[in-house]
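A.B. asks: Predicted model and sequence below, questions to follow.
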Amino acid sequence: MRLRECNRFCYPPRMSTPFPVWFKSVREQKKLTQMQAAEQLGLSSPTISRWEAGTEPRSSHLPRIVKWAPVKAEKLLQLLTSAA
């Protein structure tokens, strides 16, 4: 995916954007279902559903998100900690 194809939530994530909103937006930009995103991330679809419902990802999942989504690790951490 090219950066210009992303909407305002893709990259860089706005610090005022909650992680669930940002993550769902990225998934939808990639035209993926929760199950497809889960497969690409090597996770279960209930995990993706929980993230989009407001549960923060485990720290062990962050490297997978960084590789999958157009986001730098520092921005992702800021996004997660700004909601706390």
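C.D. replies: Structure received.

A.B. asks: for the chain, what are the low-confidence residue spans?
C.D. replies: The model of the chain has pLDDT under 70 over residues 1-16, 83-84.

A.B. asks: Provide a list of residues in contact with the residue nearest the centre of it.
C.D. replies: Residue closest to the average C-alpha location in the chain (CA atoms, centre = their mean): F23, at 3.1 Å. By CB atoms under 8 Å, 6 or more residues apart in numbering, the contact list for F23 reads W51, E52, I65, A69. All C-beta spots, glycine's among them, are computed from the backbone N, C-alpha and C.

A.B. asks: for it, helix, strand, or coil?
C.D. replies: Secondary structure, DSSP: H, G, I helix; E, B strand; the rest coil: F23 is helix.

A.B. asks: rewinding a little: out of the contacts of F23, which is nearest to E28?
C.D. replies: Relative to E28, the closest of the contacts of F23 is E52; by CB to CB it sits at 10.2 Å.

A.B. asks: which residues in the protein form helices?
C.D. replies: 19-29, 34-41, 45-53, 62-68, 73-82 (DSSP state H).

A.B. asks: Against which helices or strands is the fourth one packed?
C.D. replies: In this case it means helix 62-68. In this structure, helix 62-68 packs against helix 34-41, helix 73-82, with contacts taken as 3 or more CB pairs under 8 Å, 6 or more residues apart in numbering; DSSP states H and E.

A.B. asks: so how far is that helix off the chain centroid?
C.D. replies: Centroid separation between helix 62-68 and its chain, computed with CA atoms, centre = their mean, to the nearest Å, is 8 Å.

A.B. asks: Tell me who's in contact with Q40.
C.D. replies: L32, W68.

A.B. asks: Kind regards, and thank you for your time.
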